[in-house]
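Need coordinates for the following:
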Amino acid sequence: MFFIILVINVVYVSFFTIRMILTLKGYRYVAAAVSMIEVVIYIVGLGLVLDNLDKVQNIIAYALGFGIGIVTGMKIEEKLALGYITVNVITADIDHRMPAILREKGYGVTDWAANGLEGNRSAMQILTPRKYELKLYDTIKQIDPKAFIIAYEPKTIHGGFWVKSIRKGKLSDDS
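This next block holds a predicted model:
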């Protein structure tokens, strides 16, 4: 019974975590479908625990499954890599080599001249699907290991060449 409750709760909380992330990212219909599966698993798991409250190990299994489920759900979401990220980069590379290299690889790059504490800099804003995030960081660090990098998830994306390029598949796993 311990193992059954543990597994059910890991699965339930994984679904719960994924549904919350889907909801926050605006995938409302997918989130609604996931929630229907989630609630069935929840009712079965909770029913098993409530029918066996006299055994402390069942309560422990439920709690342990909850914690493991949170981590599992987050790992699944990392693998799915839903959505996009915007990466701001500041580099001492003022000859614009980095923006050109990133554009050749298919990234949408807007760059401009900037001034920092130690002089002239090049600043960039790069938009990419999250699944290419780590590859982008590696490319930036290969060009300039001292580059200053900040990343965040945009809520809305509209217009620009980049949206059209992504739909045409210009940016790929090979980039």
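
residues near residue 15, how many?
Neighbours of residue 15 under the rule other CB atoms under 10 Å: 23. From N, CA and C alone the C-beta is placed, and that goes for glycine too.

what sits up against the stretch of helix or strand it belongs to?
Element membership for residue 15, per DSSP states H and E: helix 2-24. Helix 2-24 is contacted from outside by 28, 30-31, 34-35, 37-38, 41-42, 44-45, 48-49, 57-58, 60-62, 64-66, 68-70, 72-74, 76-77, 80, 82, using CB atoms under 8 Å, 6 or more residues apart in numbering.

Buried residues, the helix or strand that contains residue 100. List them.
Using DSSP H and E, residue 100 sits within helix 97-104. Residues of helix 97-104 classed as buried by neighbour count (16 or more other CB atoms under 10 Å): 98-99, 101-102.

go on, stretch 40-55?
41-42, 45, 48-49, 52.

Could you do stretch 111-121 as well?
Here stretch 111-121 shows 111, 121 as buried, counting by 16+ other CB under 10 Å.

Repeat that for stretch 138-148.
139-140, 143-144, 147.

Verify the stated contact: residue 25 with residue 84.
No. Residue 25 is beyond contact range of residue 84, at 9.8 Å (criterion: CB atoms under 8 Å).

Who has more neighbours out of these two?
residue 84 (21 against 18).
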